[in-house]
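Novice: What would the 3D arrangement of this be:
(one chain, ligands or ions: 1)
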Amino acid sequence: MNPSDSAAEAAVSRLTIDLGAVRRNYRRLLERLGGVACAGVVKADGYGLGAERVAPALWAEGCRVFFVATLDEAVRLRPVVPDATVCCLNGLLPGTEAVFDEHRIVPVLNALEQIARWRTFGGRSGRQLPAILHVDTGMNRLGLGDDEWTSVLETPGVLDGIDWLYLISHLASADDPDDPMNARQLAGFQQIRQCLPRRMPASFANSSGIFLGSGYHFDLARPGIALYGGRPNARGPNPLECPIRIEGRILQVRTVPASTGVGYGSSWTSPRESRIATVAAGYADGYLRSLSGVGTVALGGRSCPVVGRVSMDLITVDVTDAPPAGATPGAFVEVLGPTVTPDDAADVAGTIGYELLTSLGRRYVRHYVESPADDRLA
Ligand SMILES: *Cc1c(COP(=O)(O)O)cnc(C)c1O
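Specialist: All right, here's what the predicted structure looks like:
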């Protein structure tokens, strides 16, 4: 988009998405994986960044397998990466078989009943259709449970008639490397793999799982959040790059005397004479209301506190200590980005970076850029 071609655009806040950073994050994960293949999880519109832009960027880095949650997401992704394997995590709902087949979507089969239905559907045209087998190892969300798995072992031929691409399972607590659940799930997955009546490649690790060590890698990793800069765990520096930057415009700056209430409910009262900048970003843009009084934004390289309640379209920021030149109407402040990352904001808001990213509003003007390694968004 040509930034000068729209006067309206100049008036609103912007969201810049650096596909170069996404690509570098993918490369960093590949390095960790030391030769193991790496899929891209682009469900929920690429965690809010735009699956139609993220997926081709990953394809250019050699990514050949993509996971989405819903069939609808899969159908929309299909023409974007025409030669990729597109997999649908939510399974095979009754009546959707022909849609999967028509668009060459690979269902992640989560139950015996789905396996039987997919085999029967393919069998009608004499084909063995591709699928992924999902087994539950402790998450208790999706995948064959213990009883179904036992029945697989006791029923010869139950896996016949399908072209199995992968056996997968999902970690429940990989973001905490000390949680004994990780090793328990790993042992369970290995056992299931060994008992399989037929060999198939395996996929186990999400983003955090990649950082648990090579024992968790198997044949294909399935990272989502790490591609988008989310930290793999709460400990140590984050080796990944934040590819997004949200900038809100300052609409007005006012000086209030000490002991003045600001915003809805006057939930914040100035402890001193303060300069307050009103910025065009609110919960309708995905700036969570739970960031009221605890969020920070970056202005001229300085972190400034969000004071008072986050409202639908606006936040109020204490810019008393910011360089006065930057705190003027029309100037942009970084609401979320490399300086105040989604993880940082999520920590104080009592949520996770995933929720902040997938809540990104539709009102921003979106700019996609592709920075080279030495020209980051920072
Ligand atoms: C969402 C999801 C992933 C990706 O998880 P991240 O924590 O974002 O890396 C991988 N596998 C499954 C089954 C998922 O649902």
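
Novice: Against residue 118, how distant is the closest residue to the ligand within the stretch 51-200 of the chain?
Specialist: For the stretch 51-200 of the chain and the ligand, the shortest gap (C-beta to the nearest ligand atom) falls at residue 170, measuring 4.0 Å. C-betas here are computed from N, CA, C, even on glycine. Taking C-beta to C-beta, to the nearest Å as the measure, residue 170 falls 20 Å from residue 118.

Novice: Please apply the same query to residue 231.
Specialist: 37 Å.

Novice: Contact residues of the stretch 201-350 of the chain facing the ligand?
Specialist: Contacts of the stretch 201-350 of the chain with the ligand, taken as C-beta under 6 Å from any ligand atom, map to 206-208, 222-226.

Novice: I'd like those as CSV, with neighbour count, pLDDT and secondary structure appended.
Specialist: As requested, those are exported to CSV (neighbours: other C-beta atoms under 10 Å; pLDDT from 0 to 100; DSSP: H, G, I helix; E, B strand; the rest coil):
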residue, neighbour count, pLDDT, secondary structure
206, 22, 98, coil
207, 26, 98, helix
208, 22, 97, helix
222, 23, 98, coil
223, 27, 98, coil
224, 20, 98, coil
225, 24, 98, helix
226, 25, 98, helix
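
Novice: what's stretch 49-58 in contact with?
Specialist: For stretch 49-58, contacts defined as C-beta atoms under 8 Å, 6 or more residues apart in numbering pick out 17, 19, 22-23, 26, 40, 42, 45-46, 63, 66, 68, 73, 76-77, 80-81, 84, 227-228, 243-244, 357, 360, 366, 368, 370.

Novice: circling back to that earlier point, number of nearby residues for the residue of the stretch 51-200 of the chain closest to the ligand?
Specialist: Look at residue 170: counted by other C-beta atoms under 10 Å, it has 23 neighbours.

Novice: What segments of the protein are helices?
Specialist: Ranges of helices in the chain, per DSSP state H, are 7-10, 19-33, 43-47, 51-60, 71-77, 97-102, 112-124, 146-154, 181-195, 207-210, 342-349, 353-358.

Novice: Any part of the last one near the ligand?
Specialist: No - in this structure, helix 353-358 remains apart from the ligand according to C-beta under 6 Å from any ligand atom; the gap is never smaller than 6.6 Å.

Novice: Likewise for the fifth one?
Specialist: No - using C-beta under 6 Å from any ligand atom, no contact is recorded between helix 71-77 and the ligand, whose separation bottoms out at 11.9 Å.

Novice: Residue 189 is in contact with residue 202, isn't it?
Specialist: Yes - at 7.4 Å, residue 189 and residue 202 qualify as touching, with contact defined as C-beta atoms under 8 Å.

Novice: quick one: which of those two has more around it?
Specialist: For residue 189 versus residue 202, neighbours defined as other C-beta under 10 Å are more numerous around residue 189 (23 against 19).

Novice: what's near enough to touch the more buried one?
Specialist: Counting by C-beta under 8 Å, 6+ apart, residue 189 touches 135, 137, 169, 202, 204.

Novice: Just put those in a markdown table and tack on distance to residue 104 and pLDDT.
Specialist: Listed next are the contacts of residue 189 as a markdown table, based on distance: C-beta to C-beta, whole Å; pLDDT from 0 to 100:
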| residue | distance to residue 104 | pLDDT |
| --- | --- | --- |
| 135 | 24 | 97 |
| 137 | 29 | 96 |
| 169 | 24 | 98 |
| 202 | 22 | 98 |
| 204 | 25 | 98 |
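
Novice: okay if I get those residues as CSV plus distance to residue 305?
Specialist: As requested, the contacts of residue 189 are exported to CSV (distance: C-beta to C-beta, whole Å):
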residue, distance to residue 305
135, 47
137, 43
169, 43
202, 47
204, 41
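
Novice: which one of these has the most neighbours?
Specialist: Using other C-beta under 10 Å as the neighbour criterion, residue 204 leads those with 28 neighbours.

Novice: right, and that one touches residue 182 too?
Specialist: No - using C-beta under 8 Å as the test, residue 204 is too far from residue 182 to be in contact (10.4 Å).

Novice: Quickly list what's touching both of these two.
Specialist: Taking C-beta under 8 Å, 6+ apart as the contact rule, residue 204 and residue 182 both touch 171, 216.

Novice: buried sites along stretch 229-246?
Specialist: For stretch 229-246, the buried set under the neighbour-count rule, 16 or more other C-beta atoms under 10 Å, comprises 229-232, 240-246.

Novice: And for stretch 284-293?
Specialist: When burial is assessed from 16+ other C-beta under 10 Å, stretch 284-293 yields the following buried residues: 285-288, 290-292.

Novice: cool, stretch 270-280 as well?
Specialist: Judged by neighbour count using 16+ other C-beta under 10 Å, the buried positions of stretch 270-280 are 270, 274-280.

Novice: ok, and what's touching that stretch?
Specialist: Taking contacts as C-beta under 8 Å, 6+ apart, the residues outside stretch 270-280 that touch it are 12-13, 248-260, 262, 297, 299, 304, 307, 313-320, 322, 324, 327, 333, 335.

Novice: Those residues, buried ones only, as a PyMOL selection?
Specialist: Written as a PyMOL command, the selection of buried residues from the contacts of stretch 270-280, which uses 16+ other C-beta under 10 Å, is:
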select buried, resi 13+248+249+250+253+256+262+297+299+304+307+313+314+315+316+317+318+319+320+322+327+333+335
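
Novice: In the stretch 101-250 of the chain, which residue sits nearest the ligand?
Specialist: Residue of the stretch 101-250 of the chain nearest the ligand, by C-beta to the nearest ligand atom: residue 224 (2.7 Å).

Novice: For that residue, give me its contacts.
Specialist: Applying C-beta under 8 Å, 6+ apart to residue 224 gives the contacts 40-43, 47, 67, 206-207.
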